[in-house]
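> Sequence and predicted structure, then a few things I'm wondering about:
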Amino acid sequence: MALGESFAGVLEAARVGAEWAWRALYADTAPDLLRYARASRAPDPEDVVGETFLRAVGGLGSFEGDERGFRAWLFTLARNRIVDEHRKLVRRRTEPLPVEFLAEIGPHADAETEAMRALVKDHVRSVLDRLTPDQRDVLLLRILGGLTIEEVATVVRKKPGAVKALQARGIAAIRNEIELGAVTL
Amino acid sequence: MGPDDGFERLLRGETPKTPEERALGLFLHDVGGAFPAGIPPAEEAHLAAIVHAAQLLADKGEPAVRSASKADGRARHASGLPKRRRVMMKVPLMRSLAAKVVAGLVVLMSMFGGLALAGALPGQGSDDDATDVVEIQDVSDESPETEAPETEDADDQGENEDADDQGEDVNDDQGDDDQGENEDADDQGDDDQGEED
(Lines give C-alpha, C1' and ligand atoms only; values in the text may rest on other atoms or scores of the structure.)
Protein backbone atom coordinates (compact mmCIF):
# COMPACT_ATOMS: atom_id res chain seq x y z
CA MET A 1 0.00 0.00 0.00
CA ALA A 2 2.87 2.29 -0.73
CA LEU A 3 1.19 4.25 -3.47
CA GLY A 4 -1.72 5.59 -1.45
CA GLU A 5 -3.32 8.69 -2.83
CA SER A 6 -0.99 8.76 -5.80
CA PHE A 7 -2.43 5.50 -7.08
CA ALA A 8 -4.97 7.12 -9.39
CA GLY A 9 -2.26 9.16 -11.13
CA VAL A 10 0.00 6.16 -11.39
CA LEU A 11 -2.80 4.12 -12.93
CA GLU A 12 -3.56 6.79 -15.51
CA ALA A 13 0.11 7.02 -16.42
CA ALA A 14 0.27 3.23 -16.70
CA ARG A 15 -2.64 3.26 -19.12
CA VAL A 16 -0.63 5.37 -21.57
CA GLY A 17 2.45 3.19 -21.16
CA ALA A 18 4.56 5.30 -18.81
CA GLU A 19 7.50 3.22 -17.69
CA TRP A 20 7.79 4.89 -14.29
CA ALA A 21 4.18 4.04 -13.51
CA TRP A 22 4.63 0.39 -14.30
CA ARG A 23 7.80 0.31 -12.25
CA ALA A 24 5.88 1.69 -9.31
CA LEU A 25 3.07 -0.79 -9.68
CA TYR A 26 5.51 -3.64 -10.10
CA ALA A 27 7.56 -2.69 -7.05
CA ASP A 28 4.41 -2.37 -4.99
CA THR A 29 2.84 -5.70 -5.91
CA ALA A 30 5.35 -8.10 -7.48
CA PRO A 31 7.09 -9.18 -4.22
CA ASP A 32 3.82 -10.34 -2.67
CA LEU A 33 2.74 -11.99 -5.91
CA LEU A 34 6.03 -13.86 -6.02
CA ARG A 35 5.79 -15.19 -2.45
CA TYR A 36 2.18 -16.20 -3.02
CA ALA A 37 3.18 -18.06 -6.20
CA ARG A 38 6.01 -19.79 -4.37
CA ALA A 39 3.80 -20.82 -1.46
CA SER A 40 1.20 -22.11 -3.94
CA ARG A 41 3.83 -24.39 -5.46
CA ALA A 42 3.71 -22.77 -8.87
CA PRO A 43 6.17 -24.53 -11.20
CA ASP A 44 7.76 -21.24 -12.22
CA PRO A 45 6.80 -18.49 -9.73
CA GLU A 46 8.71 -15.75 -11.54
CA ASP A 47 6.97 -16.60 -14.76
CA VAL A 48 3.65 -16.29 -12.93
CA VAL A 49 4.58 -12.75 -11.87
CA GLY A 50 5.64 -11.74 -15.39
CA GLU A 51 2.56 -13.23 -17.02
CA THR A 52 0.31 -11.65 -14.43
CA PHE A 53 1.57 -8.18 -15.26
CA LEU A 54 1.38 -8.80 -19.00
CA ARG A 55 -2.25 -9.81 -18.60
CA ALA A 56 -2.79 -6.74 -16.50
CA VAL A 57 -1.45 -4.60 -19.34
CA GLY A 58 -4.00 -6.12 -21.71
CA GLY A 59 -6.89 -5.75 -19.29
CA LEU A 60 -6.05 -2.43 -17.71
CA GLY A 61 -8.43 -0.60 -20.01
CA SER A 62 -11.39 -2.39 -18.48
CA PHE A 63 -10.23 -2.16 -14.88
CA GLU A 64 -12.05 0.16 -12.52
CA GLY A 65 -11.23 0.47 -8.86
CA ASP A 66 -8.87 1.70 -6.21
CA GLU A 67 -5.50 0.46 -5.14
CA ARG A 68 -6.85 -2.41 -3.08
CA GLY A 69 -9.05 -3.45 -5.95
CA PHE A 70 -6.09 -3.35 -8.30
CA ARG A 71 -4.12 -5.52 -5.91
CA ALA A 72 -6.94 -8.03 -5.60
CA TRP A 73 -7.29 -8.05 -9.40
CA LEU A 74 -3.58 -8.86 -9.81
CA PHE A 75 -3.90 -11.72 -7.32
CA THR A 76 -6.87 -13.00 -9.28
CA LEU A 77 -4.79 -13.03 -12.47
CA ALA A 78 -1.92 -14.72 -10.65
CA ARG A 79 -4.15 -17.35 -9.12
CA ASN A 80 -5.71 -18.14 -12.50
CA ARG A 81 -2.26 -18.53 -13.95
CA ILE A 82 -1.19 -20.86 -11.13
CA VAL A 83 -4.31 -22.97 -11.57
CA ASP A 84 -3.57 -23.23 -15.29
CA GLU A 85 0.00 -24.27 -14.58
CA HIS A 86 -1.14 -26.97 -12.20
CA ARG A 87 -3.60 -28.29 -14.78
CA LYS A 88 -0.84 -28.42 -17.35
CA LEU A 89 1.28 -30.38 -14.92
CA VAL A 90 -1.49 -32.90 -14.46
CA ARG A 91 -1.85 -33.29 -18.23
CA ARG A 92 1.89 -33.60 -18.80
CA ARG A 93 2.28 -36.04 -15.90
CA THR A 94 5.76 -34.71 -15.34
CA GLU A 95 6.96 -32.29 -12.74
CA PRO A 96 9.80 -30.09 -13.92
CA LEU A 97 12.19 -28.84 -11.31
CA PRO A 98 11.05 -25.42 -10.08
CA VAL A 99 13.43 -22.63 -10.97
CA GLU A 100 13.39 -21.40 -7.41
CA PHE A 101 14.77 -24.73 -6.29
CA LEU A 102 18.08 -23.99 -8.00
CA ALA A 103 18.29 -20.65 -6.23
CA GLU A 104 17.30 -22.19 -2.93
CA ILE A 105 19.92 -24.91 -2.93
CA GLY A 106 22.69 -22.38 -3.37
CA PRO A 107 24.27 -20.91 -0.24
CA HIS A 108 22.91 -17.54 0.85
CA ALA A 109 24.09 -17.34 4.45
CA ASP A 110 26.01 -19.43 6.90
CA ALA A 111 25.21 -23.10 7.16
CA GLU A 112 23.33 -22.81 10.45
CA THR A 113 21.01 -20.11 9.19
CA GLU A 114 20.38 -21.98 5.97
CA ALA A 115 19.61 -25.15 7.87
CA MET A 116 17.16 -23.38 10.16
CA ARG A 117 15.45 -21.69 7.23
CA ALA A 118 15.09 -24.97 5.42
CA LEU A 119 13.71 -26.57 8.57
CA VAL A 120 11.16 -23.82 9.04
CA LYS A 121 10.10 -24.04 5.43
CA ASP A 122 9.69 -27.80 5.59
CA HIS A 123 7.51 -27.52 8.69
CA VAL A 124 5.38 -24.79 7.19
CA ARG A 125 4.92 -26.78 4.03
CA SER A 126 4.03 -29.91 5.97
CA VAL A 127 1.29 -28.03 7.82
CA LEU A 128 -0.03 -26.29 4.70
CA ASP A 129 -0.10 -29.58 2.83
CA ARG A 130 -2.53 -30.95 5.40
CA LEU A 131 -5.08 -28.30 4.45
CA THR A 132 -7.48 -28.63 1.58
CA PRO A 133 -6.53 -26.63 -1.54
CA ASP A 134 -9.32 -24.12 -0.89
CA GLN A 135 -8.34 -23.64 2.75
CA ARG A 136 -4.70 -23.24 1.79
CA ASP A 137 -5.57 -20.77 -0.95
CA VAL A 138 -7.67 -18.62 1.37
CA LEU A 139 -5.08 -18.56 4.13
CA LEU A 140 -2.18 -17.80 1.78
CA LEU A 141 -4.08 -14.94 0.19
CA ARG A 142 -4.82 -13.54 3.64
CA ILE A 143 -1.39 -14.08 5.19
CA LEU A 144 0.92 -13.42 2.23
CA GLY A 145 -1.30 -11.29 0.02
CA GLY A 146 -2.70 -9.14 2.80
CA LEU A 147 -6.20 -9.34 1.30
CA THR A 148 -9.41 -8.98 3.27
CA ILE A 149 -12.19 -11.57 3.41
CA GLU A 150 -14.15 -9.73 0.73
CA GLU A 151 -11.10 -9.38 -1.52
CA VAL A 152 -10.26 -13.06 -1.15
CA ALA A 153 -13.85 -13.88 -2.00
CA THR A 154 -13.42 -11.93 -5.23
CA VAL A 155 -10.18 -13.70 -6.06
CA VAL A 156 -11.42 -17.24 -5.44
CA ARG A 157 -14.92 -16.48 -6.77
CA LYS A 158 -16.74 -17.50 -3.63
CA LYS A 159 -19.06 -15.73 -1.26
CA PRO A 160 -17.50 -14.01 1.77
CA GLY A 161 -19.34 -16.40 4.07
CA ALA A 162 -17.81 -19.38 2.29
CA VAL A 163 -14.38 -17.81 2.55
CA LYS A 164 -14.88 -17.24 6.26
CA ALA A 165 -15.84 -20.86 6.74
CA LEU A 166 -12.80 -22.05 4.79
CA GLN A 167 -10.58 -19.79 6.84
CA ALA A 168 -12.05 -21.00 10.14
CA ARG A 169 -11.59 -24.66 9.19
CA GLY A 170 -8.06 -23.99 7.98
CA ILE A 171 -7.11 -22.25 11.22
CA ALA A 172 -8.62 -25.08 13.24
CA ALA A 173 -6.58 -27.59 11.27
CA ILE A 174 -3.42 -25.57 11.85
CA ARG A 175 -4.14 -25.37 15.57
CA ASN A 176 -4.57 -29.13 15.68
CA GLU A 177 -1.22 -29.54 14.01
CA ILE A 178 0.33 -27.13 16.49
CA GLU A 179 -1.10 -29.10 19.40
CA LEU A 180 0.23 -32.29 17.87
CA GLY A 181 3.64 -30.71 17.77
CA ALA A 182 3.94 -30.57 14.02
CA VAL A 183 4.88 -26.90 14.17
CA THR A 184 7.19 -27.00 17.11
CA LEU A 185 10.13 -24.96 15.92
CA MET B 1 -15.01 -13.95 20.81
CA GLY B 2 -15.01 -16.03 17.67
CA PRO B 3 -12.28 -18.44 16.64
CA ASP B 4 -11.12 -16.10 13.87
CA ASP B 5 -10.77 -13.03 16.04
CA GLY B 6 -7.31 -14.01 17.21
CA PHE B 7 -6.29 -14.67 13.63
CA GLU B 8 -7.56 -11.27 12.53
CA ARG B 9 -5.66 -9.57 15.34
CA LEU B 10 -2.49 -11.38 14.40
CA LEU B 11 -2.89 -10.32 10.78
CA ARG B 12 -3.21 -6.73 11.92
CA GLY B 13 0.08 -7.08 13.80
CA GLU B 14 -1.38 -6.99 17.28
CA THR B 15 0.14 -8.99 20.11
CA PRO B 16 -1.44 -12.35 20.91
CA LYS B 17 -3.51 -12.60 24.10
CA THR B 18 -3.63 -16.33 24.71
CA PRO B 19 -1.10 -19.14 24.41
CA GLU B 20 -3.05 -20.51 21.48
CA GLU B 21 -2.87 -17.19 19.70
CA ARG B 22 0.81 -17.02 20.47
CA ALA B 23 1.40 -20.41 18.87
CA LEU B 24 -0.66 -19.37 15.89
CA GLY B 25 1.27 -16.11 15.69
CA LEU B 26 4.53 -18.03 15.61
CA PHE B 27 3.23 -20.11 12.75
CA LEU B 28 2.19 -17.03 10.79
CA HIS B 29 5.63 -15.59 11.39
CA ASP B 30 7.16 -18.80 10.08
CA VAL B 31 5.00 -18.64 6.98
CA GLY B 32 6.28 -15.16 6.27
CA GLY B 33 9.84 -16.31 6.86
CA ALA B 34 9.49 -19.37 4.67
CA PHE B 35 8.21 -17.28 1.76
CA PRO B 36 9.87 -13.90 2.11
CA ALA B 37 8.76 -10.98 -0.01
CA GLY B 38 11.41 -9.98 -2.48
CA ILE B 39 11.85 -8.40 -5.86
CA PRO B 40 11.84 -11.12 -8.54
CA PRO B 41 15.31 -11.70 -10.02
CA ALA B 42 13.88 -11.21 -13.51
CA GLU B 43 12.54 -7.78 -12.61
CA GLU B 44 14.19 -5.92 -15.49
CA ALA B 45 13.12 -8.50 -18.06
CA HIS B 46 9.59 -8.36 -16.74
CA LEU B 47 9.47 -4.59 -16.79
CA ALA B 48 10.89 -4.41 -20.31
CA ALA B 49 8.18 -6.74 -21.60
CA ILE B 50 5.46 -4.95 -19.59
CA VAL B 51 6.42 -1.48 -20.78
CA HIS B 52 6.80 -2.66 -24.37
CA ALA B 53 3.32 -4.18 -24.32
CA ALA B 54 1.82 -1.16 -22.59
CA GLN B 55 3.30 1.27 -25.11
CA LEU B 56 2.12 -0.83 -28.01
CA LEU B 57 -1.32 -0.88 -26.48
CA ALA B 58 -1.29 2.88 -26.01
CA ASP B 59 -0.05 3.51 -29.56
CA LYS B 60 -2.02 0.98 -31.57
CA GLY B 61 -4.79 -0.04 -29.27
CA GLU B 62 -3.88 -3.68 -29.57
CA PRO B 63 -1.28 -5.21 -27.28
CA ALA B 64 1.25 -7.60 -28.66
CA VAL B 65 1.44 -9.51 -25.45
CA ARG B 66 4.36 -11.87 -25.41
CA SER B 67 5.74 -14.04 -22.73
CA ALA B 68 8.55 -12.45 -20.77
CA SER B 69 10.36 -15.55 -19.67
CA LYS B 70 9.30 -18.35 -21.98
CA ALA B 71 11.76 -17.56 -24.72
CA ASP B 72 12.26 -21.23 -25.44
CA GLY B 73 8.59 -21.80 -26.05
CA ARG B 74 7.13 -23.05 -29.23
CA ALA B 75 7.23 -20.50 -32.04
CA ARG B 76 4.00 -19.51 -33.67
CA HIS B 77 3.44 -20.47 -37.28
CA ALA B 78 3.28 -17.59 -39.67
CA SER B 79 0.40 -19.14 -41.55
CA GLY B 80 -1.39 -20.55 -38.58
CA LEU B 81 -2.08 -24.16 -38.00
CA PRO B 82 -1.55 -26.55 -40.91
CA LYS B 83 -4.66 -27.00 -42.93
CA ARG B 84 -6.24 -30.36 -43.01
CA ARG B 85 -5.65 -31.95 -46.37
CA ARG B 86 -8.42 -33.45 -48.32
CA VAL B 87 -8.00 -37.18 -48.61
CA MET B 88 -8.78 -38.50 -52.04
CA MET B 89 -9.74 -42.13 -51.85
CA LYS B 90 -11.12 -44.49 -54.43
CA VAL B 91 -14.49 -45.79 -53.37
CA PRO B 92 -15.23 -49.26 -54.80
CA LEU B 93 -18.39 -49.33 -56.86
CA MET B 94 -19.21 -52.90 -55.91
CA ARG B 95 -19.40 -52.10 -52.27
CA SER B 96 -22.62 -53.81 -51.33
CA LEU B 97 -24.02 -57.26 -51.99
CA ALA B 98 -27.08 -55.76 -53.69
CA ALA B 99 -24.88 -53.98 -56.17
CA LYS B 100 -23.12 -57.21 -56.98
CA VAL B 101 -26.41 -59.06 -57.52
CA VAL B 102 -27.77 -56.30 -59.73
CA ALA B 103 -24.54 -56.25 -61.71
CA GLY B 104 -24.76 -60.01 -62.18
CA LEU B 105 -28.34 -59.77 -63.38
CA VAL B 106 -27.39 -57.04 -65.83
CA VAL B 107 -24.61 -59.19 -67.20
CA LEU B 108 -26.92 -62.17 -67.57
CA MET B 109 -29.67 -60.16 -69.22
CA SER B 110 -27.29 -58.52 -71.62
CA MET B 111 -25.80 -61.91 -72.41
CA PHE B 112 -29.14 -63.52 -73.13
CA GLY B 113 -30.27 -60.43 -74.95
CA GLY B 114 -27.26 -60.70 -77.20
CA LEU B 115 -27.93 -64.36 -77.78
CA ALA B 116 -31.55 -63.56 -78.57
CA LEU B 117 -30.54 -60.96 -81.10
CA ALA B 118 -28.12 -63.39 -82.65
CA GLY B 119 -30.87 -66.01 -82.78
CA ALA B 120 -28.87 -68.48 -80.81
CA LEU B 121 -31.43 -69.08 -78.11
CA PRO B 122 -33.44 -72.31 -78.13
CA GLY B 123 -36.61 -72.05 -80.19
CA GLN B 124 -35.08 -69.62 -82.62
CA GLY B 125 -33.03 -72.12 -84.62
CA SER B 126 -34.10 -75.03 -86.93
CA ASP B 127 -37.37 -76.85 -86.31
CA ASP B 128 -35.71 -80.21 -85.77
CA ASP B 129 -33.60 -78.78 -83.09
CA ALA B 130 -36.62 -77.13 -81.59
CA THR B 131 -38.47 -80.43 -81.54
CA ASP B 132 -35.59 -82.12 -79.92
CA VAL B 133 -35.34 -79.38 -77.41
CA VAL B 134 -39.05 -79.53 -76.70
CA GLU B 135 -38.82 -83.20 -76.10
CA ILE B 136 -35.94 -82.78 -73.78
CA GLN B 137 -37.74 -80.04 -71.97
CA ASP B 138 -40.88 -82.12 -71.67
CA VAL B 139 -39.01 -85.00 -70.22
CA SER B 140 -37.14 -82.86 -67.79
CA ASP B 141 -40.26 -80.95 -66.83
CA GLU B 142 -42.53 -83.92 -66.45
CA SER B 143 -40.21 -86.50 -65.08
CA PRO B 144 -40.31 -85.25 -61.50
CA GLU B 145 -44.11 -85.14 -61.54
CA THR B 146 -44.91 -88.31 -63.45
CA GLU B 147 -42.21 -90.81 -62.83
CA ALA B 148 -42.08 -90.39 -59.13
CA PRO B 149 -45.79 -91.11 -58.55
CA GLU B 150 -45.64 -94.06 -60.94
CA THR B 151 -42.74 -95.46 -59.08
CA GLU B 152 -44.54 -94.95 -55.82
CA ASP B 153 -47.61 -96.61 -57.21
CA ALA B 154 -45.52 -99.51 -58.33
CA ASP B 155 -43.85 -99.80 -55.02
CA ASP B 156 -46.94 -99.37 -52.95
CA GLN B 157 -49.46 -101.35 -54.86
CA GLY B 158 -47.34 -103.77 -56.66
CA GLU B 159 -50.13 -104.08 -59.24
CA ASN B 160 -48.85 -102.03 -62.09
CA GLU B 161 -46.03 -104.17 -63.22
CA ASP B 162 -46.41 -103.38 -66.89
CA ALA B 163 -43.80 -100.96 -68.06
CA ASP B 164 -45.80 -100.21 -71.17
CA ASP B 165 -48.64 -99.00 -69.10
CA GLN B 166 -46.36 -96.62 -67.44
CA GLY B 167 -45.08 -95.44 -70.71
CA GLU B 168 -48.61 -94.94 -71.95
CA ASP B 169 -49.45 -93.03 -68.90
CA VAL B 170 -46.51 -90.84 -69.49
CA ASN B 171 -47.42 -90.32 -73.06
CA ASP B 172 -50.97 -89.59 -72.05
CA ASP B 173 -49.80 -87.09 -69.58
CA GLN B 174 -47.62 -85.46 -72.12
CA GLY B 175 -50.46 -85.34 -74.48
CA ASP B 176 -52.65 -83.74 -71.92
CA ASP B 177 -50.04 -81.20 -71.18
CA ASP B 178 -49.54 -80.40 -74.80
CA GLN B 179 -53.18 -79.84 -75.34
CA GLY B 180 -54.16 -78.28 -72.12
CA GLU B 181 -51.66 -76.56 -69.99
CA ASN B 182 -48.46 -76.12 -71.94
CA GLU B 183 -49.23 -73.60 -74.57
CA ASP B 184 -45.69 -73.50 -75.78
CA ALA B 185 -45.83 -77.16 -76.35
CA ASP B 186 -49.04 -76.69 -78.27
CA ASP B 187 -47.39 -74.17 -80.44
CA GLN B 188 -44.52 -76.37 -81.05
CA GLY B 189 -46.90 -79.20 -81.79
CA ASP B 190 -48.68 -77.04 -84.29
CA ASP B 191 -45.44 -76.16 -85.87
CA ASP B 192 -44.55 -79.73 -86.10
CA GLN B 193 -47.79 -80.53 -87.68
CA GLY B 194 -47.51 -77.69 -90.04
CA GLU B 195 -44.14 -78.74 -91.19
CA GLU B 196 -45.26 -82.26 -91.54
CA ASP B 197 -48.02 -81.00 -93.69
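That came in fine, so what should we check first? Numbering: from 1, shown residues only, chains lettered A, B, ... in the order given.

> what residues go with each domain of chain A?
A:1-106, A:108-185 (automatic domain parsing).

> ugh, wrong one, chain B
According to automatic domain parsing, the domains of chain B span B:5-33, B:123-196.

> Pick out the residue closest to the middle of chain A.
Per Cα atoms, centre = their mean, the C-alpha nearest to the average position across chain A is that of A:Tyr36, at 2.1 Å.

> Let me see the contact set for that residue.
A:Phe75, A:Ala78, A:Leu140, A:Leu141, A:Leu144, A:Gly145, B:Phe35 (Cβ atoms under 8 Å, 6 or more residues apart in numbering or on different chains). Glycine gets a C-beta too; all of them are placed from N, C-alpha and C.

> which parts of the host helix or strand of the first one are buried?
Same thing as A:Phe75. Using DSSP states H and E, the element containing A:Phe75 is helix A:67-92. In terms of neighbour count (16 or more other Cβ atoms under 10 Å in any protein chain shown), helix A:67-92 has its buried residues at A:67, A:70-82, A:85.

> near chain B, anything from stretch A:112-123?
Yes - using Cβ under 8 Å from any Cβ of the partner chain, stretch A:112-123 reaches chain B at A:Arg117, A:Val120, A:Lys121, A:His123.

> Going by distance to chain B, which of those wins?
A:Lys121 (4.1 Å; Cβ to the nearest Cβ).

> For that closest one, which non-adjacent residue is spatially closest?
Spatial nearest neighbour of A:Lys121, excluding adjacent residues (Cβ to Cβ, 6 or more residues apart in numbering or on different chains): B:Ala34 at 4.1 Å.

> Now the one you found: phi and psi?
Main-chain torsions, B:Ala34, degrees, to the nearest 10: phi -70, psi -30.

> Next one, pLDDT for it please.
pLDDT recorded at B:Ala34 is 90.

> what do you get for B:Glu14?
88.

> phi, psi of it?
phi -80, psi 160.

> what's the burial count for it?
12 (other Cβ atoms under 10 Å in any protein chain shown).

> do the same with A:Asp28
18.

> surely it meets A:Leu3?
Yes - assessed by Cβ atoms under 8 Å, A:Asp28 is found in contact with A:Leu3 at 5.7 Å.

> Low-confidence bits of chain A, can you list those?
A:1, A:92-109, A:182-185 (pLDDT under 70).

> ok, which stretches of it are helices?
Per DSSP state H, chain A carries helices over the ranges A:7-15, A:19-39, A:45-59, A:67-92, A:99-105, A:111-128, A:133-143, A:149-156, A:160-179.

> Can you list the neighbours in contact with stretch A:135-154?
A:32, A:35-36, A:39-40, A:68, A:71-72, A:75-76, A:79, A:128, A:131, A:155-156, A:159-160, A:162-164, A:166-167, A:169-171, A:173-174, B:11, B:28, B:31-32, B:35, B:37.

> again, only this time at 6 Å
A:32, A:35-36, A:39, A:72, A:75, A:128, A:155-156, A:160, A:163-164, A:166-167, A:169-170, B:28, B:31 (Cβ atoms under 6 Å, 6 or more residues apart in numbering or on different chains).

> can you check stretch B:20-28 too?
A:Ile143, A:Ile178, A:Val183, B:Gly6, B:Leu10, B:Pro16.

> one more time with 8 Å
Contacts for stretch B:20-28 (Cβ under 8 Å, 6+ apart): A:124, A:127, A:143, A:171, A:174-175, A:178, A:183, A:185, B:6-7, B:9-11, B:16.

> quick one: contacts for B:Val31?
Per Cβ under 8 Å, 6+ apart, neighbours of B:Val31: A:Ala39, A:Val124, A:Leu128, A:Ile143, A:Leu144.

> picking that back up, any chance of CSV for the helices of chain A, columns distance to B:Val102?
Below are the helices of chain A laid out as CSV (distance: least, Cβ to Cβ, whole Å):
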stretch, distance to B:Val102
helix A:7-15, 75
helix A:19-39, 71
helix A:45-59, 65
helix A:67-92, 53
helix A:99-105, 71
helix A:111-128, 75
helix A:133-143, 66
helix A:149-156, 68
helix A:160-179, 70
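
> among these, which is nearest B:Leu57?
helix A:45-59 (6.2 Å; Cβ to Cβ).

> Counting neighbours, which bits of stretch A:154-168 end up buried?
Applying 16+ other Cβ under 10 Å to stretch A:154-168 flags A:Thr154, A:Val155, A:Val156, A:Lys158, A:Val163, A:Lys164, A:Leu166, A:Gln167, A:Ala168 as buried.
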